[in-house]
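# Based on what follows, work out the 3D shape:
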Amino acid sequence: MKPIIRTLSLGELADLVDWAAAEGWNPGLDDAAMFQAADPRGFIGAFAGSEMVAGISAVAYGHDFGFIGLYICRPDMRGKGYGKAVWTAGMTRLAGRTIGLDGVEEQQANYESKGFRPLYETIRYSGRPTTLTIGAERPRTVTAQLVPDIIRYDALCFPASRHSFLQRWLQPPHRALAAITPRGTAGYAVARSCRSGFKIGPLFADDTRTALDLLEDLATACEGGDLHVDVPASKVDFIAALVAAGFSPTFTTTRMYKGPPPRLDANRIFGVTTLELG
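Predicted structure coming up:
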């Protein structure tokens with residue numbers, strides 16, 4: 001049966017997020033509504049009759065960048081071409097842009113065959129910090145007055161503007177903190193409740209000390225369960241501090257791009273926002 005390909009409703013996107021949970025991806029409790037804010041038409045499903053059988057996120061950021069994630073075919077429908085159909089729909093939607101994704105090791109050869117090239121490895125570290133370095137300037141809760149500065153800071157670390165997404169991502173029930181110095185914003189971080197523990201992302205900061213301060217205060221604000229942060233492998237000093245504080249590596253992906261890699265300040269990226277949205 002040839003599938004029907006269409007944009008997912010919020011309820012259908014919530015179903016796709018539940019599929020991600022069943023795959024062991026540990027999504028956030030409020031991810032469906034938060035994700036949809038990034039690009040309401042960026043979540044696509046393949047349907048056999050009235051049943052969703054595969055899904056993908058193909059989120060467009062401006063005219064030059066997009067990101068692929070949440071690529072799942074229902075287990076009982078695999079091997080029938082539905083996954084391929086929804087992949088093609090997602091890639092077609094983002095045609096003409098540089099496209100990013102985070103690939104697990106067993107799928108990297110497949111993505112390379114489709115034109116993606118690896119750029120860097122990301123390692124998920126999980127744990128509850130026993131102690132981290134403490135700076136003189138403590139992070140502050142993100143308020144509406146701070147949001148414009150956070151959006152400007154985010155533009156240093158992400159390939160395109162994501163104003164609508166951040167307006168939602170920075171709000172409760174998420175916990176968002178900003179590092180504010182006399183010179184202005186020096187970083188920010190967000191924690192969200194997941195099926196298990198809390199994911200931290202993004203974690204953007206001017207330096208390792210500021211990143212650790214943000215993580216320390218988010219840990220205090222997030223009671224119960226481990227914290228999970230997806231860290232670029234190049235952040236050796238930050239990783240050493242995490243390990244010393246009791247974090248352990250649990251999961252690895254590789255950031256891959258089809259098209260020219262975007263220009264951004266990688267030195268400020270201590271934790272990616274999400275593996276689903278970039």
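
# show me the contacts for Arg41.
Thr7, Arg93 (C-beta atoms under 8 Å, 6 or more residues apart in numbering). Just so you know, the C-beta spots here come from the backbone N, C-alpha and C atoms, and that holds for glycine as well.

# how far away is it from Asp237?
According to C-beta to C-beta, to the nearest Å, Arg41 and Asp237 sit 40 Å apart.

# How many neighbouring residues does Thr141 have?
Around Thr141 there are 11 other residues, counting by other C-beta atoms under 10 Å.

# Let me know the distance separating it from Tyr61.
Distance from Thr141 to Tyr61, by C-beta to C-beta: 26 Å.

# Equivalent analysis for Tyr188, please.
In this view, Tyr188 and Tyr61 are 18 Å apart by C-beta to C-beta.

# So for those two, which sits in the more crowded spot?
Applying other C-beta under 10 Å to Tyr188 and Tyr61 shows that Tyr188 carries more neighbours, namely 29 against 24.

# wait, the more buried one sits on Arg140?
No - look at Tyr188 against Arg140 with C-beta atoms under 8 Å: they stay out of range, at 9.7 Å.

# Find residues that contact each of these two.
Common contact partners of Tyr188 and Arg140 (C-beta under 8 Å, 6+ apart): Leu177, Ala178, Ala179.

# The second one is in what secondary structure piece?
Take DSSP states H and E as the rule and Ala178 turns out to sit in strand 175-181.

# contact partners of that strand?
Contacting residues not belonging to strand 175-181 are listed as 137, 139-142, 146, 149-150, 169-170, 185-192, 205-206, 210, 213-214, 217-218, 221-222 [C-beta under 8 Å, 6+ apart].

# Neighbouring strands - and their directions - for it?
strand 140-141 (antiparallel), strand 184-193 (antiparallel) (DSSP bridges).

# among these, which gets the worst mean confidence?
Of all the strands paired with strand 175-181, the segment with the smallest mean pLDDT is strand 140-141, scoring a mean of 84.

# And the contacts of it?
Counting by C-beta under 8 Å, 6+ apart, Leu146, Arg175, Ala176, Leu177, Ala178, Ala179, Ile180 sit against strand 140-141.

# State the next helix or strand along the chain beyond it.
Remark: after strand 140-141, the chain's next helix or strand is helix 147-157, criterion DSSP H and E.

# So which residues make contact with that next one?
With C-beta under 8 Å, 6+ apart as the test, helix 147-157 has contacts from 142, 161-163, 166-167, 170, 176, 178, 184-185, 187-188, 202, 204, 264-265, 268-269.

# Next: stretch 86-95.
Defining contact as C-beta under 8 Å, 6+ apart, one finds that stretch 86-95 is touched by 3, 5, 41-42, 44-46, 54-58, 60, 66, 68, 71, 73, 99, 114.

# ok now it, how far from the chain's centre?
Relative to its parent chain, stretch 86-95 has a centroid offset of 19 Å by C-alpha atoms, centre = their mean, to the nearest Å.

# Just the pLDDT for the closest residue to Phe116 other than its chain neighbours.
Distance criterion C-beta to C-beta, 6 or more residues apart in numbering; nearest residue to Phe116, sequence neighbours excluded, is Met256 at 4.1 Å. At Met256, the pLDDT value in this model is 97.

# Flag every buried residue along whatever helix or strand Leu215 lives in.
Assigned by DSSP H and E, Leu215 belongs to helix 208-221. Using 16 or more other C-beta atoms under 10 Å as the test for burial, helix 208-221 gives Thr208, Arg209, Thr210, Ala211, Leu212, Asp213, Leu214, Leu215, Glu216, Asp217, Leu218, Ala219.

# And stretch 32-46, by the same measure?
So for stretch 32-46, counting by 16+ other C-beta under 10 Å, buried means Ala32, Met34, Phe35, Gln36, Ala38, Asp39, Gly42, Phe43, Ile44, Gly45, Ala46.

# Go ahead and confirm the fourth one touches Ser57.
No - distance between Gln36 and Ser57: 9.8 Å, which falls outside the contact criterion (C-beta under 8 Å).

# which neighbours do those two share?
Common contact partners of Gln36 and Ser57 (C-beta under 8 Å, 6+ apart): Phe43.

# count of neighbours near Ala240?
With other C-beta under 10 Å as criterion, Ala240 counts 11.

# now it: how far from Val147?
33 Å.

# repeat for Arg209
With distances taken as C-beta to C-beta, Arg209 is found 24 Å from Val147.

# Many thanks, we can stop here.
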